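Visitor: Here's a sequence, model it:
(2 chains)
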Amino acid sequence: MSKEAIMTGKYFMNGDEACAEGALAAGCRFFAGYPITPQSEIAERMSKRMPEVGGRFIQMEDELSSIAAVLGGSWGGSKSMTATSGPGFSLMMENIGLGMMTETPCVIANIQRGSPSTGLPTAVGQGEMMQAKWGSHGDYGVIAYAPTSPQEMFDYTIKAFNKSEQYMMPVFVMADEKIGHMRERVVIDKSKVETQPRRKPDADPEDFLPYEPKEDLVPEMASAGEGYRVHVTGLTHNEKGYPQLDVETQKKKVGRLVDKVEKNKDDIVEIKTQGVDDADVLIVSYGMAYRTAMGAYKQARDKGMKVGIIRLVTVWPFPEEEIRELSQQVSGIVVPEINQGQMVHEVERACGDRAEVKLVPHPGGGLHKPKDILNALEALI
Amino acid sequence: MTTELKEKEESAEPEITEADHPATRYLRQERLPHIWCSGCGLGSAVTSLTKAFDELQLPIDDIGVVSGIGCAGRAAGYFETDSYHTTHGRAIPFATGLKLANPDMNITVFSGDGDLFAIGGNHFIHAARRNLNINVICVNNYNFGMTGGQFGPTTPQGANATTSPYGNYEKPFNLPDLAASAGAVYVARWTSVHARRIQNAMEEALSKNGFSFVEILSPCPTGYGRKNDLGEGIDELKSYQDRTVIKHGSDPEEAEIERDPESEIVVGKFVDTDRPTYCDVADSYLD
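Guide: As a prediction, the model looks like this:
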């Protein structure tokens, strides 16, 4: 039942489906998940497509086991992913920490819905932006993308896989119900898909240190069955991978988990800007909220207001320097997001007292009205 | 020296050295000695597994060992194989991914009763139901040893533990019965005194195509034993010798374990059957 992994062509598909296709294009060959709205279309498509490309799909008994199986799949040598939404994301947190600590490449797509708790299962939310950064216990760097369209669900799921392999860590696709369920044109072109292969060791098994960092602070990974006889543990470990429970080893290990993202920010951070050169006020937004903000931006420009818009493509690591730089020329920044204020704290931190930062919150379950954002902009000019 | 003795000496077998012991080849020597208390059954269970690997001549690089958290959870770290010390309760789902990504490997989950049957109980029954082709070895010491001896899902009713000072109110799981009910194709129970039986059961489990389960009842002189006046580890072993009755093929429902130190403990092989594994079924549907 073999079919193309990268289905070159033009399609009308929803964001969830595009996410699944992006994963397959990136080389994902193992998916473990548990049904939850509004991500189920990802799992459904994976259940159909994975066998077609020689991969494995398994529906696990819960989200705890889904992410655990994904980590196992990755150590087994397959590019692996899971997809979930708020309640499942909460359940995955402990093993996301295991993935960070053991430097296991994989992708976790969170199609966010109204929260907290069961919240609004079928409606949009952006309530887990901070959870993506701080959700599992302890310190570690995080890479998270916020796509704004089905096309970007395809493109940035590929990118998430590439960065997960490049930096040897779980990477998040922090989408939302609207982006997951909206149906738009998606162009898939095999010739334009770039993929990052796994960082395999050159060293002989006797000499190989699975957690010895290379120049970019990232180690290499030997899969199960390759003769390297790796030991992998969530305990604080030395470069051999063996538990070593002391301050020096903890400092070195956890420091590197943070630094491998922080010190490679130039390679990771992405923003998109429009109209910022002459702007008096700025909008900073991401994901579905950005699409509404874009409407407000256009209306403002039509009115002759000098407004610029910045879109966080990577929400984590937060583009702190970029926002700081741009904040120096404006009187204020408006931050619309579909929560009661999460990324706005990062914007405030980056701006200091250089510009007034104004949150435009939305409780979830629907979208901002462009007018709400427009009013906030007018108040700051 | 008499002629007879001299002849005997000349025909003697080559000296057996430490390097010949399976534990030398299958364990990470630089990580020994292990962390377990004297009198604990974990060390001998690990040795039995190395002997089973050796007996079956399994290539080391085809073996994966996965553990959860707890005393038994530390086992994976001693095996000179690809070895994974995962989170509490999640060894089986981790092993699920490892196996599906690498179906030719022989994957053994080696963990404890608290890890596999309290926090991880759901994964156990689902992996058994799926008939995922992995081996699960549970060293059952009737309590959460690593955290100081709290009662767990296998603590006999009425037994003492640090969180059951008035006696455990709860009825424990009968693990062979649970495994058999959930669909395991191989189910055996032995105790730490049954070293050769354990090795034999492990060999059968490793050779079995499907979800295999071996329970090893272990002494825990530091935790469960101390709280229940069972004496030293050796006393617990003697108690197992006296209490166990081998009943191969018996109904696992009758394998419950009572607190009473005089009560009978049924051991043996309860299930040895065949049904298509998860991968067998999946592959047959995908042809």
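Visitor: use CA for all of it now, contacts and neighbours both
Guide: Noted.
Visitor: For the residue in the stretch 151-300 of chain A positioned nearest to chain B, which non-adjacent residue is spatially closest?
Guide: Residue nearest to chain B within the stretch 151-300 of chain A: A:Arg229 (4.1 Å; CA to the nearest CA). Spatial nearest neighbour of A:Arg229, excluding adjacent residues (CA to CA, 6 or more residues apart in numbering or on different chains): B:Asp82 at 4.1 Å.
Visitor: I'd say the one you found and B:Ala95 touch.
Guide: No. Shown here, B:Asp82 and B:Ala95 do not form a contact pair, counting by CA atoms under 8 Å, at 11.7 Å.
Visitor: who has more neighbours, these two?
Guide: B:Ala95 (32 against 28; other CA atoms under 10 Å in any protein chain shown).
Visitor: Contacts only, for the more buried one.
Guide: Residues in contact with B:Ala95 (CA atoms under 8 Å, 6 or more residues apart in numbering or on different chains) are A:69, A:72, B:66, B:107-109, B:134.
Visitor: Looking at those, spot the one nearest B:Gly73.
Guide: The shortest gap between B:Gly73 and any of those belongs to B:Val66, at 8.4 Å (CA to CA).
Visitor: Pairing partners for the helix or strand where that closest one lies, with directions?
Guide: Taking DSSP states H and E as the criterion, B:Val66 maps to strand B:63-67. Its sheet considered, strand B:63-67 pairs with strand B:82-85 (parallel), strand B:106-112 (parallel) by DSSP bridges.
Visitor: hey, C-alpha coordinates of that strand in PDB?
Guide: Extracted C-alpha coordinates of strand B:63-67, given in PDB (Å, rounded to 0.1, in the frame of the first residue of the first chain):
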ATOM      1  CA  ILE B  63      18.400  -6.500  23.500                       C
ATOM      2  CA  GLY B  64      16.700  -3.500  25.000                       C
ATOM      3  CA  VAL B  65      16.000  -3.200  28.700                       C
ATOM      4  CA  VAL B  66      13.500  -0.600  30.000                       C
ATOM      5  CA  SER B  67      12.700   0.300  33.600                       C
END
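Visitor: Please report which of the contacts of B:Ala95 has the highest neighbour count.
Guide: Within those, neighbour counts (other CA under 10 Å) peak at A:Ala69, which reaches 34 neighbours.
Visitor: just checking, it touches B:Thr96?
Guide: Yes. Using CA under 8 Å, A:Ala69 is in contact with B:Thr96, at 5.7 Å.
Visitor: Let's verify B:Glu215: helix, strand, or coil?
Guide: Classification of B:Glu215 using DSSP: H, G, I helix; E, B strand; the rest coil returns strand.
Visitor: Wait, it touches B:Val139, no?
Guide: Yes. The pair B:Glu215 and B:Val139 passes the contact test of CA under 8 Å, sitting 6.0 Å apart.
Visitor: ok, how many other residues are close to B:Ser263?
Guide: Neighbour tally, B:Ser263, other CA under 10 Å: 12.
Visitor: Let me see the contact set for it.
Guide: Taking CA under 8 Å, 6+ apart, we find B:Ser263 in contact with B:243, B:257.
Visitor: immediately after the lengthiest helix in chain A, which helix or strand?
Guide: Ranked by residue count and defined by DSSP state H, the top helix of chain A is helix A:150-167. Sequence-wise, the next helix or strand downstream of helix A:150-167 (DSSP H and E) is strand A:170-176.
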